[in-house]
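**Student:** this one's structure only:
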């Protein structure tokens, strides 16, 4: 069973291993460098890392920024209530499990429950941006690396 919870210090080795596995996966396929999303100081202060576990094993990680992200968005969009979803990393060996769908559905549900109309993220490389649009129903934002989705309820995973 999937469960999403805040990342604990003891999760760090598993999260580090996920990042390394995903980077190796991307390099092998010629996808390009997977970059760690830089955050402003205010965003970093509002950032909360989460892990997705399956039967207790960490299989993915993501960070929620509980404030409207401003970088890369128009003034009108920045004024809308939104959360940022950054640093998503899933276990490449579990691609058939659609872990990114589980995380993004959970993030949309969490945003709705906390009064945010949008979930926004910046992604790179371009193949990931295409995947989000084609397979996970994310809309392009004002810049090629931006993606956004209106929230919708989900019961894909339990979590705060």
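**Tutor:** That came through fine. Just so you know, these numbers come straight off a predicted model, no measurement behind them.
**Student:** and the strands in this protein, which stretches?
**Tutor:** Ranges of strands in the chain, per DSSP state E, are 2-6, 47-54, 57-65, 82-90, 118-122, 139-140, 146-150.
**Student:** now those strands in a markdown table, with distance to residue 76?
**Tutor:** Using the backbone N, CA and C atoms, a C-beta is placed for each residue, glycine as well. Below are those laid out as a markdown table (distance: least, CB to CB, whole Å):
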| stretch | distance to residue 76 |
| --- | --- |
| strand 2-6 | 31 |
| strand 47-54 | 24 |
| strand 57-65 | 19 |
| strand 82-90 | 12 |
| strand 118-122 | 12 |
| strand 139-140 | 15 |
| strand 146-150 | 13 |
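**Student:** tabulate these in CSV, adding columns for distance to residue 28, mean neighbour count and mean pLDDT.
**Tutor:** Shown next, in CSV, are the strands of the chain (distance: least, CB to CB, whole Å; neighbours: other CB atoms under 10 Å; pLDDT from 0 to 100):
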stretch, distance to residue 28, mean neighbour count, mean pLDDT
strand 2-6, 27, 16, 95
strand 47-54, 23, 20, 93
strand 57-65, 19, 21, 93
strand 82-90, 16, 24, 86
strand 118-122, 24, 25, 80
strand 139-140, 27, 13, 66
strand 146-150, 24, 20, 53
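**Student:** so which of these is nearest residue 24?
**Tutor:** strand 82-90 (12.1 Å; CB to CB).
**Student:** other residues contacting that closest one?
**Tutor:** 15, 18-19, 22, 34, 36-37, 39, 43, 47, 49, 52, 59-69, 99-100, 103-104, 107, 110-111, 114, 116-122, 148 (CB atoms under 8 Å, 6 or more residues apart in numbering).
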